[in-house]
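> A structural model of the following input is requested.
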Amino acid sequence: MLYSVTICRKGDSWTCDDKAHSVHCAPFSQGVSEMLSELQLRLGIPGETLTMTFSDNPFLDHQLALKWTGSCSDSSLNTYCVSILRMKVAVSFLIRTYFRQVPRVLYLSIDVCEESL
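Have a look, this model is predicted:
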């Protein structure tokens, strides 16, 4: 399944909005905001409001592949390696909200949000 959500910069952090899943201004976990900011910078994508598309299956034009490295004992926080950016990030609510099982690879892209144009 391919998902798209709106992400918004709030200071140095990014939050997520998805009305369909009752998600409003949900903050990202450890390292995800830094990963999104670095990806935005590298790709030269302007704006404080973007669209993030993600899936547990590869899709055309995905920009990152995050590889699962483990989870804490209660599985509430899953860590992923983003080798192209040399980062490790912790993903929580995305996994709980959108996936029944923890994806071994999470594919992701960001782009200008059509609603903010």
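
> going forward, measure contacts and count neighbours with C-alpha atoms only.
Fine.

> wait, what's in contact with Y98?
By C-alpha atoms under 8 Å, 6 or more residues apart in numbering, the contact set of Y98 is empty.

> Oops, could you answer that again for V82 instead?
Taking C-alpha under 8 Å, 6+ apart, one finds 64-67, 88-89 in contact with V82.

> ok, the residues you listed vs E38, which is closest?
L64 (11.6 Å; C-alpha to C-alpha).

> Does the closest one touch M87 like I think?
No: assessed by C-alpha atoms under 8 Å, L64 is found out of contact with M87, at 11.6 Å.

> The two - which one has more neighbours?
L64 (19 against 14; other C-alpha atoms under 10 Å).

> How about the more buried one: what's its closest non-neighbour residue?
L108 (5.2 Å; C-alpha to C-alpha, 6 or more residues apart in numbering).

> Which residues does the helix or strand harbouring that neighbour contact?
Using DSSP states H and E, L108 sits within strand 105-112. The contact list for strand 105-112 (C-alpha under 8 Å, 6+ apart) reads 40, 45-47, 49-59, 61-68.
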